[in-house]
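*Asks:* predicted model and sequence follow; I will ask about them next.
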Amino acid sequence: MWRQYVKMLKTGLKTESLRKIERDLDIETLGVEVRRLVDKNFASSLAIRQVDAGSCNGCELEIHALNNVYYDVERFGVHFVASPRHADVLLVTGPVSRNMEAALRRTYEATPDPKWVIACGDCAMCGGEFGVSYASCGAVENVIPVDVKISGCPPSPAVLLRGILEALGKRRKKK
């Protein structure tokens, strides 16, 4: 232990210098618009419940990236919640497996009205490679109604933010 401590003291700090994170301009402009609509329609907080209905986790990785310190979607008033009872939007990824069909319906029914469903990724939009089979119901809209579809395999964080913005725009039109 002492040898490692002495080695660390002799070596010194070997990290890169801190520099200001340059944010993506596209994310910033989308985020400002999202923030404006969230403040106007949702009292400063849009709650999203993400549901994995049988995906490969590619879309989940991009959703997690949307929450990391680089994109930091929470600064725009978008929060991910653990319970569908607290959610305004369901963000569903993957083709709906037969095992998740009932759980997805229960989650949809537990979400308070008015609710919006976003199908995230190609698999959620049309079933992707899996389609409809003995093990898969295919697209999310085969199980529950879908308001917005986000294409991509997987969609980038900027595309995800555009989809959320589209859902907010549809909400405004429904009123």
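*Replies:* Nice, I can see it.
*Asks:* excluding covalently adjacent residues, which one is nearest to L160?
*Replies:* In this structure, L160 finds its nearest non-sequential neighbour in L66, 5.5 Å apart by CB to CB, 6 or more residues apart in numbering. The C-beta positions use only the backbone N, C-alpha and C, and glycine is treated the same way.
*Asks:* so where does that neighbour fall, helix or strand?
*Replies:* Applying DSSP states H and E as the criterion places L66 in helix 58-67.
*Asks:* over to R35?
*Replies:* Counting by DSSP H and E, R35 is found in helix 25-41.
*Asks:* right, and the helix or strand after that helix?
*Replies:* Per DSSP H and E, the first helix or strand lying C-terminal to helix 25-41 is strand 46-52.
*Asks:* who does that next one touch, helix- and strand-wise?
*Replies:* Strand 46-52 makes packing contacts with helix 58-67, strand 78-80, strand 89-93, helix 98-110, helix 157-174 when contacts are defined by 3 or more CB pairs under 8 Å, 6 or more residues apart in numbering; DSSP states H and E.
*Asks:* and of those, who's closest to S151?
*Replies:* Comparison of those against S151 by CB to CB identifies helix 157-174 as nearest, at 7.7 Å.
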